[in-house]
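Student: sequence and computational prediction follow.
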Amino acid sequence: MSTTYTLDTATSRAHPTPTPVRRLTVPGIARRKGGEPVVMLTAYTARYAQLLDPHCDMLLVGDSLGQVIYGLDSTVPVSLDMMIAHGAAVVRGSYHAVVIVDMPFGSYEAGPEIAFANAARVMKETGAAGVKMEGGEAMAPTVRFLVERGIPVVGHIGLTPQAVNALGGYGARGKSEEERAKILADARAISAAGAFAMVVEGVVEPLAIEITGSVSTVTIGIGASAACDGQVLVTEDMLGLFDRTPRFVRRFYNLAEQLDAAARAYADAVRDRSFPGADNLYQLPA
Ligand code: KIV
């Protein structure tokens, strides 16, 4: 397969496309409640978006890019400008999936108006179909404010990584009756506020099943349950790029090993002068 491509910014489509296809829509995803599972992966760059797009219903430009791309300790330092730059790249690289961009920490919590202004920037400058925001009952008025003004919202409840400092870590949630009731109330509030989908992250399985059965919103699990309406993983986790993967990740490939082998082969070829070879060189015309 050729890796040479150009990006048509007029249509947000990457070329070559397999066949002209219409992009999936937010209402189309919302209608998948209780139906065919929604497939979502993270993407941060145009090329990854191109490769993942044919297989995914939704691509999430997650603020996990803070750790995956930028080597940060958490998602807390991620900025709106970072999300917009990567969001635009993923929209340019995709033609089929619904692209959602994470609102980073500090860009929406202060109130509905500031959240709307920042989400509108994301929509205008990336071409994404919607935004994702972490939080439960407290964020419901903000979710409603955005949805009523034309911005589709994906919620994110349970383990909410932007709140790592308040939660004290990334452990599974919903183990106590009190926590279970709180997370269920969060799910109901975000659903009632109009979120068309919600990520349910890092909760005990019975709670994920209860949430999925209690809300009309599409639930997308990560460390939750196969009974959710869809699943999401960080692509680099799924590809086996990191040495340590949490329990909820399944490695579908061993990219770290493959990358190591390729870099070693390249280094060997440079050192023994077998690269560049005759095929890689330009000569004067005969
Ligand atoms: O930032 C992210 O990638 C996410 C997913 C893990 C759901 O929020």
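Tutor: Arrived safely. Numbering: from 1, shown residues only.
Student: how many residues are close by the residue of the chain found nearest the ligand?
Tutor: For the chain and the ligand, the shortest gap (CB to the nearest ligand atom) falls at residue 62, measuring 2.2 Å. Heads up, the C-betas are built off the backbone N, CA and C, glycines and all. Neighbourhood size, residue 62 [other CB atoms under 10 Å]: 28.
Student: wait, it touches residue 234, no?
Tutor: Yes - with contacts counted by CB atoms under 8 Å, residue 62 reaches residue 234, the gap being 6.7 Å.
Student: tell me the helices and strands packed up against the one helix or strand residue 124 maps to.
Tutor: Applying DSSP states H and E as the criterion places residue 124 in helix 112-126. Other elements packing on helix 112-126 under the criterion 3 or more CB pairs under 8 Å, 6 or more residues apart in numbering; DSSP states H and E are helix 80-93, strand 98-102, strand 130-134, helix 140-148.
Student: contacting residues around the residue of the chain closest to the ligand?
Tutor: 42, 44, 102, 132, 234 (CB atoms under 8 Å, 6 or more residues apart in numbering).
Student: could I get the full set of strands for the stretch 151-286 of the chain?
Tutor: Using DSSP state E, counting those that start in this stretch, the strands found in the stretch 151-286 of the chain span residues 153-158, 197-201, 218-222, 230-233.
Student: columns mean pLDDT on top of the ones you listed, output as a markdown table?
Tutor: A markdown table is the format used below for these (pLDDT from 0 to 100):
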| stretch | mean pLDDT |
| --- | --- |
| strand 153-158 | 98 |
| strand 197-201 | 98 |
| strand 218-222 | 98 |
| strand 230-233 | 98 |
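Student: near the ligand, which residues of the stretch 101-250 of the chain?
Tutor: Within the stretch 101-250 of the chain, the positions near the ligand by CB under 6 Å from any ligand atom are 102, 156, 199, 201, 222, 232, 234.
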